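Peer 1: Need coordinates for the following:
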Amino acid sequence: MHREYVNLLKERVRLEAKNSVLKEAYEHLLERVPTSLTEHVVLKREAYPNITYWYRHEYQSALAEDKITSVDDAPIKAPGAERNEVDDDDDDVNGEDDSALPEQTSGAPKGKRGKGRASQGQNVKMRYIQHENGEIIDGWRASDIRRFARSIFVGFALQGKVFHSWVEGVDAASRTSYYRDMVARFPEIGLCELDWKAEQIGSEIYSQWRSNWMNKQEAEKSKATGLSKRPVDEGSKDLSRKKIKPSKSRSESVSLDLPPADFSDVVPQINVIPVLTENLKEQIAAGSQIPAAAIDVGFSLLGARPEYQFSVNKPFAVKQSSFPAPSFLATVEPIHPAHGSSNLDQHHLNAQPMQASNNLPHETSQKASKRPNKMRANKHSVTPRNLCAKEWVEQYHGTVEEFAAYFLSLPTEELERFKALSKSLSSEKDA
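Peer 2: Here you go, the predicted structure:
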């Protein structure tokens, strides 16, 4: 019995904890749900006897009979069925414009409506909306209602819902959301059957709002496109301007340094001056000469550069080469333009060579001051190479390079002999 009681207590504690967790989760869920879960309360006309136009047909009948008058007793004409979406006066700052009322049949002066009257608190268009006590809303309240309705339309547009028509283009969920938001902000709009007053406001102002919204989006899109193109154009202009200025300065500097010449008429005279060393100058001064030879120089010589072989130790001493020394003075004769500029490659330039010395000094293979690397054998080493070096040094007394060549060309029998001798000497040394 006691055990069952304890089990029941444990089960009770578990269920209470579970219930608490579920309640907390449900409260968090309600906080995150954007729509209200409360059911729509259907209002009864009997509870609001001061409301004149509870049904839509009552308002339409009053319009047809000119029973609805403005603040200056001017009747409001009933719009045609085809104009239930036209908004002639509800898209300015205060929701109305400065258009005049239709001319009255009684001859009374026309009353101005729109921005001026709405800013003064006079309701011209929304006289079907009444407070609970039956009083018609003023112009300021009407302007606030239109402004809030347009903000709901903007919310739809930001969600990608731009309807082509309010009467036939709005889906049920969007229409229901619009009704709920309008009534929650302005309770007097809900004092009717089936939210027809909120529907009337939407049908009056949506068409004009949609037109203005589309125009605004197109203008912003074109403006953004223009701004994106402008930096590229300005940058290209700046780059072209920057490129033109240096090129102009370079052309001016070249024109100042070089004299003007007409290359199409005369080929300029070209002097090819050789690079002469000090030794070559002394030999030329002494009277030695290089055999003169006529050299046929073409236009390829203009870009040619003489090549020399220099020594590392004596960079200014010219090595003797098998090629003739390129030291001459070439004189180019101008070609008359009558010969034609297209056949310039067929003409040859006559060059008059200079006299130079053919006995050019050359560098010896080794320096006189440099000592040869003499081969020396190790007295204590018993390797085959060192044993061979001992015998070779006693006979030849040559350099290290000469011994290396000798050892590489050593016959196999001799090499085996030195290996055996090295092995025996190593054994004796170890013993």
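Peer 1: tell me the domain ranges of this structure?
Peer 2: If you go by automatic domain parsing, the domain ranges for the chain are 45-221, 269-335+347-361, 384-430.
Peer 1: which of those has the lowest average pLDDT?
Peer 2: Mean pLDDT values for the domains of the chain show the minimum at domain 269-335+347-361, a mean of 49.
Peer 1: do you know how far the closest residue to Y206 other than its chain neighbours is from G160?
Peer 2: Closest residue in space to Y206, ignoring its immediate chain neighbours: W166 at 3.9 Å, by Cβ to Cβ, 6 or more residues apart in numbering. Glycine gets a C-beta too; all of them are placed from N, C-alpha and C. W166 is 17 Å from G160, where distance means Cβ to Cβ, to the nearest Å.
Peer 1: Those two - which one has more neighbours?
Peer 2: W166 (22 against 6; other Cβ atoms under 10 Å).
Peer 1: Skipping its backbone neighbours, what lies nearest S422 in space?
Peer 2: Spatially, and ignoring its direct neighbours in sequence, S422 is nearest to P384 (4.7 Å; Cβ to Cβ, 6+ apart).
Peer 1: Likewise for W196?
Peer 2: In space, and not counting its chain neighbours, W196 is closest to R56: 4.2 Å by Cβ to Cβ, 6+ apart.
Peer 1: contacting residues around that neighbour?
Peer 2: Contacts for R56 (Cβ atoms under 8 Å, 6 or more residues apart in numbering) come out as C192, E193, W196, Q200.
Peer 1: Check which helix or strand Q60 maps to.
Peer 2: Secondary structure assignment for Q60, by DSSP states H and E: helix 56-64.
Peer 1: Quick check: buried residues in that helix?
Peer 2: Buried residues in helix 56-64, defined by neighbour count with 16 or more other Cβ atoms under 10 Å: R56, Y59, A62, L63.
Peer 1: Just the closest of those to E402, please.
Peer 2: R56 (127.4 Å; Cβ to Cβ).
Peer 1: Roughly how far does the closest residue to F148 other than its chain neighbours sit from D144?
Peer 2: Leaving aside its sequence neighbours, F148 sits nearest to R185 (Cβ to Cβ, 6+ apart; 5.6 Å). Computed as Cβ to Cβ, the R185 to D144 distance reads 9 Å.
Peer 1: Over to H2?
Peer 2: As for H2, its distance to D144 is 71 Å (criterion: Cβ to Cβ).
Peer 1: which of these two has more neighbours?
Peer 2: Ranked by neighbour count (other Cβ under 10 Å), H2 and D144 place D144 first, with 16 against 6.
Peer 1: sorry, back to before: just list the residues touching the residue nearest to Y206, thanks.
Peer 2: By Cβ under 8 Å, 6+ apart, the contact set of W166 is E85, G202, S203, Y206, S207.
Peer 1: Figure out the helix or strand that the last one lives in.
Peer 2: Assignment of secondary structure by DSSP H and E places S207 within helix 196-257.
Peer 1: can you pick the most crowded of the contacts of W166?
Peer 2: In these, the most neighbours by other Cβ under 10 Å go to Y206, 26 neighbours.
Peer 1: Just to check, that one is in contact with K161?
Peer 2: No. Y206 lies out of contact with K161 (Cβ atoms under 8 Å); the separation is 11.7 Å.
Peer 1: Pull the number of nearby residues for G155.
Peer 2: Residues lying near G155 (other Cβ under 10 Å) number 14.
Peer 1: ditto for the one 3 residues further on
Peer 2: L158 is surrounded by 9 other residues when neighbours are defined as other Cβ under 10 Å.
Peer 1: Q217 now?
Peer 2: So Q217, with other Cβ under 10 Å, has 12 neighbours.
Peer 1: Tell me how far it lies from Y178.
Peer 2: Distance, Q217 to Y178, using Cβ to Cβ: 21 Å.
Peer 1: Torsion angles phi and psi at V183?
Peer 2: When read as degrees, to the nearest 10, the backbone of V183 gives phi -70, psi -40.
Peer 1: Pull up the gap between it and K44, please.
Peer 2: 16 Å.
Peer 1: Please enumerate the helices of the protein.
Peer 2: 2-32, 56-64, 115-119, 139-158, 166-169, 172-185, 196-257, 278-286, 384-395, 400-408, 412-430 (DSSP state H).
Peer 1: Now render those helices as CSV, adding distance to P372.
Peer 2: Putting those into CSV (distance: least, Cβ to Cβ, whole Å) gives the following:
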stretch, distance to P372
helix 2-32, 100
helix 56-64, 127
helix 115-119, 116
helix 139-158, 97
helix 166-169, 109
helix 172-185, 107
helix 196-257, 57
helix 278-286, 28
helix 384-395, 14
helix 400-408, 9
helix 412-430, 25
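Peer 1: Please name the residues that touch L191.
Peer 2: L43, Y48, I51, W54, Q130, E132, K197.
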